[in-house]
Structure formats: C-alpha cells, structure tokens
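> Pasting the sequence and the predicted coordinates here, then a few questions.
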Amino acid sequence: MPATPAPLAIDDVQRRARLSGRQLLPATGPLEVARAVTALHSTDPASVHLAVTARGGSVDAVEYALYAERSLVRMLAMRRTVFVVPTDLSPTVHAAATRAIAARERSQLIGFIEQNGLTKDGGGMLTHLEDAALAALGKLGDAYGIELGDAVPGLRRQITIAGGNQSLTSRVLFILAAEGRIVRGRPKGSWISSQYQWSAAPVAPPTTQELSTADAQIALARHYLAAYGPATVADLQWWTGWTVGETKRALAGLATVGVRLAGGSTGVVLDTDAEPVAAGPPVARLLPALDPTVMGWKGRGFYLDPDHGNPAAAGSLFDRSGNPGPTIWWDGRVVGGWAQRKSGEIATRMLYDVDSAGREQIESEAARTAEVLGDIRVTPRFRTPLERELVS
C-alpha cells in the first residue's frame with residue numbers, strides 16, 4: 001500500500017543514529033555486514049574486504065564466505081554495478097535488477113556483432129559462443145577468461161565499440177554472468193585483483209514464473225528501507241537504478257509511513273520502523289572507497305557536508321562522477337578522509353573538529369587498517385582529490 005501521510009518527523013540526528021546502529025557497529029562476520037548494508041560494492045574488489053574489516057571482520061572470513069562456504073556471491077546488480085550479496089538474496093536481486101540489465105546487454109551485443117560485420121545473425125553467433133564457453137567450463141572447471149578464449153577461439157574475435165577494440169570474451173562472459181549461468185570465483189593473485197576465475201553457476205537463477213520482477217522489486221525495496229530508511233523516492237531510485245515508475249510501484253507494494261526530513265523533503269520508512277531509535281555510543285570507522293554506507297543515498301546531506309562532496313571543492317571526498325574515496329566516520333557522519341601511502345602508512349585528514357575520544361578511536365582504526373592491509377597496497381579505482389593529496 002502507498003505511504004500514508006503522517007506528522008512523523010525524523011531529523012538528521014535520528015538518521016545518523018539509525019545509520020550508526022545498523023551499518024557501522026561491529027559485526028560477527030562478512031555475511032552479517034552484507035545483510036546490514038544489503039549489498040557490498042565490488043566495482044573495486046578491495047572495497048569488499050575493507051568494508052567488512054572496517055566493521056570488525058577479517059579478510060580470511062571474507063575469502064571463506066565467498067569461495068568456500070558460498071554464503072556470499074559476487075554478481076552484476078543495481079545500476080549495472082558488480083556487488084557482493086548474501087547468496088540467499090541473490091535470486092531477488094537478479095529478478096529485481098540484473099535480469100533487465102542482462103536483456104539490454106544481450107540485445108546490444110547482438111547489434112555490435114552485426115554492425116562489425118561478423119555475421120548477419122548476431123543472435124545465432126552469440127548463442128553458439130555461449131554454448132561453447134559453457135561446454136569449455138564443464139571440461140576445464142574454474143577458468144580465467146584468457147583460458148576460455150584459448151578453448152573457444154571464436155571468443156577472441158575483436159569488435160569495435162565507440163572507437164575502441166575489445167574481444168568478445170569479456171562481453172560474452174559478462175552476459176552469461178548477468179543471466180546467472182556462470183559466477184565469478186577467486187581472483188588471480190591477491191584479494192585486490194579483479195581478474196576472476198569463472199565457473200558454472202551451482203544453481204540456476206529463478207525463472208520469470210518463479211519470481212516476477214514486480215515481486216522481486218518490492219522485496220528488494222523492503223531490504224533497502226530496512227537498512228537505509230528513512231529514504232526518499234529519489235534515494236531508492238538512485239540506489240536501484242530503476243525508473244521512477246518502477247520505484248513508486250515497489251514502494252506501493254509495501255506498508256510504509258511518510259516522514260518529514262530535514263530541509264523539508266519527504267521520505268518513507270517501513271511501518272514497523274517508525275519508532276525512534278536510541279543513539280548508541282559513537283564509533284569511529286575508516287570506510288573504503290565505494291563503501292555501501294557512503295553510497296546508500298542520493299541525498300547525503302545528513303551525514304556529509306555538501307562542500308566535501310563537491311569535486312571542485314578543497315578536500316573533496318568524491319570524484320567528478322560522484323564516486324566516493326576512503327572516508328573517516330565518527331558518530332554517524334563523515335569527518336575526514338584517509339589514504340594508504342606507498343610505505344603502507346595510513347594518512348588521514350580531519351575535515352571537522354572531533355573530541356579527544358573520537359581522535360583516539362580514529363587513530364586506533366587507522367592503525368588497525370594498516371595492520372589489515374599489511375604488505376597489500378590499495379589504490380582506489382576511482383581516485384578523489386583528497387586521496388591524491390594524502391598520498392602525494
């Protein structure tokens with residue numbers, strides 16, 4: 001049912017209390033962290049491990065959850081972005097977001113194949129390559145893209161897209177993964193690598209009849225609001241990558257309460273989540289670039305000074321496309337940024353005054369982050385002005 005108008009007001013202090021209590025408190029492991037934020041950003045592979053370790057988990061636990069226990073899975077999802085999600089949530093995410101992306105990618109690649117003159121039947125050629133790639137995986141087991149290209153020479157054929165050349169391998173594997181027919185496995189080298197092995201999916205994704213897009217979108221909106229509420233329609237639309245119509249229909253399928261937010265905007269919470277949340281003790285966190293908490297809302301004013309999100313401003317924590325770099329959090333808001341230097345040192349810069357207890361916790365978290373990284377050197381995939389300054 002649609003959100004019902006209500007006199008309920010939720011100010012920024014209350015929003016930060018919710019954020020801290022739900023997303024920044026110590027977790028027992030990577031699955032708990034993933035559930036707390038719904039999905040972990042994986043465009044930059046290091047972000048997954050650092051998002052978990054920032055909340056008290058370990059790198060080894062992330063590796064176990066992803067590659068042994070399989071309680072987490074890396075998949076294409078919202079906004080055509082790669083995420084790590086709880087495996088039991090992956091069918092919902094697939095139906096709510098990935099399936100439509102896969103259909104667009106398939107149609108687009110068929111067009112590219114035909115426009116490049118490889119064949120007049122792009123659909124037939126793509127199906128042939130997919131079948132051959134799956135057969136090769138069946139024989140090889142886990143394999144990297146280059147190994148599949150050796151096994152299926154047709155995958156190595158080049159196409160020109162927007163003036164640049166690329167092989168069909170990455171595009172074909174991307175579609176197979178988006179359709180849930182193959183999954184990303186352990187990367188080559190360390191956990192900061194993005195050169196993944198591929199393997200056949202252990203379980204096929206649900207069909208349209210088993211889980212409709214509309215039902216899945218309602219379910220995903222519920223998960224989002226449980227983690228990020230209160231949120232605006234624009235927040236949910238941005239996070240999911242849905243159209244305005246899809247977003248409103250998903251919210252209409254939930255029992256929600258309308259709330260007034262600071263600045264006069266209107267948001268919603270689940271009707272079971274309308275009561276005030278007691279603020280816990282303030283906690284310090286050094287979150288990585290692209291951390292899901294930083295990326296959870298389109299409107300970020302309740303935890304971030306707008307000047308620090310402006311790429312043209314001094315001390316900017318975001319790049320020109322809006323991607324966040326590493327951030328320092330205290331008591332539910334961003335108070336600074338950090339970066340790892342070549343020496344391994346964690347350099348920090350405070351953008352706000354923080355009391356002595358906060359400074360002590362932040363210093364402790366910086367030391368712990370350096371210990372987690374050890375000999376690993378992490379450079380965010382999307383670099384921000386402040387991060388560049390700190391490592392220069």
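Happy to help now that I have it. Numbering: from 1, shown residues only.

> Who are the packing partners of the longest strand seen in the chain?
Longest strand in the chain, counting residues (DSSP state E): strand 333-340. Packed against strand 333-340, as judged by 3 or more CB pairs under 8 Å, 6 or more residues apart in numbering; DSSP states H and E, are the following elements: strand 327-330, strand 346-350, helix 356-373, helix 385-391. Glycine gets a C-beta too; all of them are placed from N, C-alpha and C.

> Quick check: which of these has the most neighbours on average?
Mean neighbour count (mean count of other CB atoms under 10 Å) peaks for strand 327-330 among those, with a mean of 26.

> Who are the packing partners of that strand?
If you count contacts as 3+ CB pairs under 8 Å, 6+ apart, strand 327-330 packs onto strand 284-287, strand 333-340, helix 356-373.

> May I ask you to confirm that Ile386 is in contact with Gly325?
I think there's a mix-up here, since residue 386 is Leu and not Ile. Yes - counting by CB atoms under 8 Å, a contact exists between Leu386 and Gly325, whose distance comes to 6.3 Å.

> Dump the helices and strands packed on strand 327-330 to a markdown table, plus mean pLDDT.
Converted to a markdown table, the helices and strands packed on strand 327-330 look like this (pLDDT from 0 to 100):
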| stretch | mean pLDDT |
| --- | --- |
| strand 284-287 | 97 |
| strand 333-340 | 96 |
| helix 356-373 | 96 |
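
> Ala252: which of the ones you listed is closest?
Of all these, strand 333-340 sits nearest to Ala252, with 32.1 Å by CB to CB.

> and the angle for the closest one with helix 356-373?
Computed by axes from the mean of the first three to the mean of the last three CA atoms, to 10 degrees, the angle separating strand 333-340 from helix 356-373 equals 40 degrees.

> If you drop the residues flanking it in sequence, what lies closest to the residue nearest to the spatial centre of the chain?
Ranked by distance to the mean C-alpha position of the chain (CA atoms, centre = their mean), the top residue is His41 at 2.2 Å. Distances taken as CB to CB, 6 or more residues apart in numbering place Leu290 nearest to His41, at 4.3 Å, with adjacent residues excluded.

> ok, so what distance separates the one you found from Ser321?
11 Å (CB to CB, to the nearest Å).

> between these two, what contacts are shared?
The contact sets of Leu290 and Ser321 overlap at Phe382 (CB atoms under 8 Å, 6 or more residues apart in numbering).

> of the two, who's got more company?
Set Leu290 next to Ser321 and count neighbours by other CB atoms under 10 Å: Leu290 wins out with 25 against 7.

> correct me, but the more buried one touches Pro45?
No - applying CB under 8 Å as the test, Leu290 and Pro45 come out as separate, 10.4 Å apart.

> Would you map the strands across this structure?
Using DSSP E, strands in the chain cover 9-10, 40-41, 72-76, 82-86, 158-161, 164-167, 182-187, 196-200, 256-261, 266-270, 284-287, 327-330, 333-340, 346-350.

> Low-confidence stretches in the stretch 101-250 of the chain?
For the stretch 101-250 of the chain, applying pLDDT under 70 flags the ranges 203-209.

> one step back: overlap in contacts of Leu386 and Gly325?
Taking CB under 8 Å, 6+ apart as the contact criterion, the common neighbours of Leu386 and Gly325 are 317, 337, 339.

> For burial, what's the neighbour tally of the last one?
What it means is Ala339. Applying other CB under 10 Å, I find that Ala339 has 24 neighbouring residues.

> For it, which non-adjacent residue is closest in space?
Ala339 sits nearest to Leu390 (CB to CB, 6+ apart), 3.8 Å away.

> give me every residue that touches that neighbour.
Neighbours of Leu390 in contact, by CB under 8 Å, 6+ apart: 337-339, 341, 347-349.

> how close does Ala102 sit to Thr81?
Taking CB to CB, one finds Ala102 at 14 Å from Thr81.

> list the contacts for Trp191?
45-46, 49, 59, 62-63, 376.

> circling back to that earlier point, would you list the helices and strands packed on strand 327-330 in a markdown table and tack on distance to Arg55?
Listed next are the helices and strands packed on strand 327-330 as a markdown table, based on distance: least, CB to CB, whole Å:
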| stretch | distance to Arg55 |
| --- | --- |
| strand 284-287 | 7 |
| strand 333-340 | 16 |
| helix 356-373 | 11 |
